[in-house]
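Undergrad: 3D, please:
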Amino acid sequence: MKNFCCLTAFLVCFCISASSQSSKESKLKEWQDVSVVGVNRVRMHAAGFAFETQALAETRAREQSAYFQSLNGLWKFKWVENPSQRPEGFEKEGYDVSAWDNFLVPANWEFNNTGKTYGYPIYVNHPFEFGKGWGWLQNNYTIDKLVENLPAEYNPVGSYKRTFTLPESWDGREVFIHLGAVKSAFYIWINGQYVGYSEDSKLEAEFDITPYVRKGKNTVALEVYRWSIGSYLECQDFWRVSGIERDVYLYSTPKLAIEDFTVEASLNDTYQKGIFQLTVWVKDYTRKGKEKKALPPHQVHATLFLENGIKMDNQMSPGAGEFEGRWLIGGDFPIPTIQPWSAETPHLYSLYISLLDEKGKTTEVIPVRVGFRSIEIKNAQVLVNGQPVLIKGVNRHEHSHKTAHVVSKEEMRKDIELMKQMNINAVRMSHYPNDPYFYELCDEYGIYVCDEANIESHGLYYDLKRTLGNNSDFLTSHIERVMRMYARDKNYPSVIFWSLGNEAGNGYNFYNAYMALKKADKTRPVQYERAETEWNTDIYCPQYPSPNSFRSYGERRTDRPMISSEYAHAMGNSLGNFKEYWEVIEDPKYPTLQGGFIWEWIDHGLQVTRNGKTFFAYGGDFEPESVFEGKPKDRNFVLDGIIQPDRTLHPGTSEVKKVYQNIATAWSDSVTYTIRVKNKNYFRDLSNYYLAWTLLENGKPVQSGRMEQLNILPLQTAIYTLPLTYKRQSGKEYLVNIDYKLKTAEPFLPKDYSIAYEQLSIAAFEPSETTLSNAPLRVTQTGAEWTAKGKDFSVTFDLTTGLIKSYQYKGQTLLTSGPQVNFWRPMTDNDYGAGSNSKLRVWHDAGKTETATVRVSQEAGAYQIVSEKSLLNGDAKFTQTYTIDGAGTIVVDNHFEKIKGEHPILPKFGNILIVPKQFNNLSYYGRGPQENYIDRNSGANLGIYKSTVDEQFHPYGRPQENGNKTGVRWLTLTDKKGNGLKITGNLPLEFSALHYSMDDLDPDQERKQYHAGELVKRSEVYLNVDYRQMGVAGIDSWASLPLDKYRIPYASCQYTYSIQPN
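TA: Numbers count the residues shown, from 1 in each chain. Take a look at the predicted model:
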């Protein structure tokens, strides 16, 4: 610590202060004044609620306390466009607000489910959403200019007012008001009297309103500003909205009350025994100012309930200082019967902290859930209970598709449920402290938490001369936001490390914040991504490293662990190469690699209905164009989660679940059917799982069974033999599906839920050539139309294009067009980010507009039609050969030949066929059932899957490439009677079948304001039968292509498939 202090003393000479003499002499309002972060706010304390009795405390339901009163609900509300229009004096008693609107609390002004909105939501990523653009700020960097940049003409102010009645039982007690989250800054009055001011919109503000309240009826008034000087620290990548976003309530305490408490529940050096220490601060609210007055006689008791009904009941000892009111219990106090807390085994114990008066009567009881665990860094690894756990994490913003930043308890529980189902074990609170209820859920159900301060000044970027992280005028703001987070969340066992903020530069303020936090909490690591490898981060936590970047760090760094704060940017159809990340992270050669947090959890779409169409709106759907002057229009960059806004799943979640799973399976010997099973958990065995296995023959189940006893200890491996007795046949593909399922239900996971799975190959797929029939064919030609007819079928080709015009079987049309060669796909968000929409544009129309040279020949009873096209000004050639036999089989051979030159990679190589609408039933043998791609299919097992074409489309917020399947051996499209067509490949194909054309999903070269919910479904089926398409990529959404092995180089390639009546 001495070195840190010396370093900071040296650096102070180089930190910037943007204040000018004029700003110091001028009279700024609090919401404009960088030196003011709060007025009369109660000192932040640990999350919790004090009940009047032990029985009530055991319910943990504050609503049942006589000393709790919710102020949620309807308030009188007046919204104006700027501060000059605000209703001055409205806080005074007698001011008539009867004509004002009734507006819900909590609710965002700009988007909610009340039917009333005010202003508009704004989405930008990096910039400040208010004021002038980046260029202006770069050239006008003073505090005066930052204040000037707060808009004068459009800076909405919301005025709230309501009444409340104090119960008689609150007489003689202290009364507080709690405002859970108010954005961005607000003033408060009680009964017309000024109480205080607060900013920092993602932590609660509490005020002691005892001097201002009276018996019976009272009024509370709030004046909320959309933008304040504090907004410069709240430039996060989410919807920029305002209002009251969390609960508002009153509570009452005795005059002598518990003010704060700190629980330290750790483990000894062997991680076998618990060590418990509790510090409690008691405050006498009758004491005036700094008056030296001894505390009234009282006692503090702590009761900790342990295993099997055992409890530790202790009266606490007073700490130093007659007037401090600080009490201690425990210290180096071993508790041998403890079961440690971890994300795998979230064991919690109930602690009750009681305050007793001089007569021994209980006046307050605070319930606390305690988890004993040890967090430390040793040998450049983060250890939880002595184990170098891997962080299989995700970033989570608070978002609701119907209420924006106001998230219900039900939605929070749903998030935890889905995370547990996907094997996610950690969440980064990006980029601010979340609602306390979410931490309680993480404690109870087992999720590691990286808790992050509400600091992001991205709009000024990272230059030390400009970043607010190095501007000493903002020191108080930085320290307050970090330390208030610590004070509230310090007792949650799920919080295993802290984050100082996000994308806010580094420098003087963060050096001081790091030291302040390390001084207050010696039990947890502290990270900060913009510190990179500077001294003020205990964890190297870069953003958007590639798999190779992970490997490079693992090879060269040994001084601290690497846990990526953001990786695998999941925008749109993404999450490619996720498997490759974890092949590196789990490589034992790189012990300092410990995982990361996917960006991010949920798409931030807002559900709207316009012109009869319901869809998820994104950036640009609400804002006037003037908002984006001098700023980029980031559009659907706000849709970058692994789940949809309504908390339904994106297809990529199956890849997350598979890669994050904690049971690994591989052949030990495929000849004897012995498998090697590894328990990758660190703290739990596999005794609550059984192994279910199924043998597949060409995709069909032919034998199955289960193994009940999987008593594999953590990090151990066992060998099992599968009792396969089915007699295999040559030439067929054999696979074994392994599923690990729950014997008994666990929280959010029902009995028989499959938590992990694997598919092992016994005999690989062997492609076979199509056998052609010798049945006779009748051929006619009329102009450019060439027709072949056999028993029950006919096919007509257009000899000018080389394409089928009609394919009929038993009088029913099976194809109306195709197979049209295609080298393009609807651009994904990652494609746009990498510039593929422009850089690969040469492939958009390739093969579709060139003149075809077509010739017809007959060989061994079958006819061949060969169509050749010169592509890329003669640099390449495409040859498509059809072989038609007398039974109606058409073999399609596609040959792309590179002749010369250099051209960019191919997005795809395949064919488009158009099928009539009645063939809506889909069956295929390939990877599924969910959409999958060559770089995102490890979670998609091979099998026979049945679905409909309607079900193939996935509604990504902005329409894009969709519905692909890989590893496809065959597929059928049939009508309700089972009639239709069958496609069979000579090697595993890729395909998609949708009621949308490529142009429907990709109408323009540049990304524009399109929504999945606005698409008009076509009646026909657009069937893509492909050799391959490039991967969807998954590093970032602004630069990176798919990994090299998942690209299609400009090189010769060929594939063949057959079309047959089904």
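Undergrad: and the host helix or strand of residue 441, which residues are buried?
TA: Secondary structure assignment for residue 441, by DSSP states H and E: helix 436-445. The neighbour-count check on helix 436-445 (16 or more other CB atoms under 10 Å) flags 436-443, 445 as buried. For every residue, glycine as well, the C-beta is placed using N, CA and C.
Undergrad: try stretch 688-701
TA: Using 16+ other CB under 10 Å, the residues of stretch 688-701 that count as buried are 689-699.
Undergrad: may I have the phi/psi pair for the most centrally placed residue in the chain?
TA: Per CA atoms, centre = their mean, the C-alpha nearest to the average position across the chain is that of residue 601, at 1.1 Å. When read as degrees, to the nearest 10, the backbone of residue 601 gives phi -80, psi -50.
Undergrad: from residue 277, how far off is the nearest residue to it once chain neighbours are set aside?
TA: Nearest non-adjacent residue to residue 601, counting by CB to CB, 6 or more residues apart in numbering: residue 396, 4.2 Å away. When distance is defined by CB to CB, to the nearest Å, residue 396 is 31 Å away from residue 277.
Undergrad: who's more crowded, these two?
TA: Taking residue 396 and residue 277 together and counting by other CB atoms under 10 Å, residue 396 has the greater number of neighbours (24 against 15).
Undergrad: and the buried residues of stretch 688-701, which two are the farthest apart?
TA: Of all pairs drawn from the buried residues of stretch 688-701, the one with the largest separation by CB to CB is 689 and 698; the distance is 29.0 Å.
Undergrad: who's in contact with residue 366?
TA: Counting by CB atoms under 8 Å, 6 or more residues apart in numbering, residue 366 makes contact with 48-51, 57, 258, 261, 352-354.
Undergrad: now, which of the buried residues of stretch 688-701 lie within helices?
TA: Using DSSP state H, the subset of the buried residues of stretch 688-701 located in helices is empty.
Undergrad: just put these in a markdown table and tack on distance to residue 468 and pLDDT.
TA: Below are those laid out as a markdown table (distance: CB to CB, whole Å; pLDDT from 0 to 100):
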| residue | distance to residue 468 | pLDDT |
| --- | --- | --- |
| 689 | 50 | 98 |
| 690 | 55 | 98 |
| 691 | 55 | 98 |
| 692 | 56 | 98 |
| 693 | 58 | 98 |
| 694 | 58 | 98 |
| 695 | 62 | 98 |
| 696 | 59 | 98 |
| 697 | 64 | 97 |
| 698 | 63 | 97 |
| 699 | 59 | 97 |
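Undergrad: which one of those sits closest to residue 125?
TA: Looking at those and their distance to residue 125, the nearest is residue 689, at 42.2 Å (CB to CB).
Undergrad: so what's the closest one closest to, chain neighbours aside?
TA: residue 740 (4.7 Å).
Undergrad: am I right that that neighbour falls within a strand?
TA: Yes - going by DSSP: H, G, I helix; E, B strand; the rest coil, the assignment for residue 740 places it inside a strand.
Undergrad: quick one: least confident helix or strand in this protein?
TA: With mean pLDDT, DSSP states H and E as the measure, the helix or strand of the chain carrying the lowest mean pLDDT is helix 21-25 (a mean of 38).
Undergrad: following that helix, which helix or strand shows up next?
TA: Following helix 21-25 in sequence order, the next helix or strand is strand 38-39 (DSSP H and E).
Undergrad: what about that next one, average pLDDT?
TA: Within the predicted structure, the mean pLDDT of strand 38-39 is 97.
Undergrad: which parts of the stretch 801-950 of the chain are helices?
TA: Using DSSP state H, counting those that start in this stretch, the helices found in the stretch 801-950 of the chain span residues 829-833, 836-839.
Undergrad: adding mean neighbour count, write those out as a markdown table.
TA: Formatted as a markdown table, the entries for these read as follows, by neighbours: other CB atoms under 10 Å:
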| stretch | mean neighbour count |
| --- | --- |
| helix 829-833 | 26 |
| helix 836-839 | 16 |
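Undergrad: nearest to residue 73, of the ones you listed?
TA: With distances scored as CB to CB, the stretch of the helices of the stretch 801-950 of the chain nearest to residue 73 is helix 829-833 (40.1 Å).
Undergrad: which residues touch the closest one?
TA: Contacts of helix 829-833 with the rest of the structure, by CB under 8 Å, 6+ apart, involve 569, 571-574, 576, 636, 639-640, 825, 837, 840, 907, 958, 960-961, 1007, 1032-1034, 1036-1040.
Undergrad: quick one: that helix to chain centroid distance?
TA: Distance, stretch centre to chain centre, for helix 829-833: 19 Å (CA atoms, centre = their mean, to the nearest Å).
Undergrad: could I get the contacts of residue 366 in JSON lines, plus columns for secondary structure?
TA: What follows is the contacts of residue 366, written out as JSON lines (three-state DSSP):
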{"residue": "48", "secondary structure": "coil"}
{"residue": "49", "secondary structure": "coil"}
{"residue": "50", "secondary structure": "coil"}
{"residue": "51", "secondary structure": "strand"}
{"residue": "57", "secondary structure": "helix"}
{"residue": "258", "secondary structure": "strand"}
{"residue": "261", "secondary structure": "strand"}
{"residue": "352", "secondary structure": "strand"}
{"residue": "353", "secondary structure": "strand"}
{"residue": "354", "secondary structure": "strand"}
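Undergrad: wait, the residue nearest to residue 601 touches residue 604, no?
TA: No - the pair formed by residue 396 and residue 604 falls short of the contact definition of CB atoms under 8 Å, at 11.3 Å.
Undergrad: what's around residue 211, how many residues?
TA: Here the count is done by other CB under 10 Å, and residue 211 has 9 residues near it.
Undergrad: continuing past the top helix by length along the chain, what's the next helix or strand?
TA: Of all the elements of type helix in the chain, the one with the most residues (DSSP H) is helix 475-489. In the C-terminal direction, the helix or strand that comes right after helix 475-489 (DSSP H and E) is strand 495-499.
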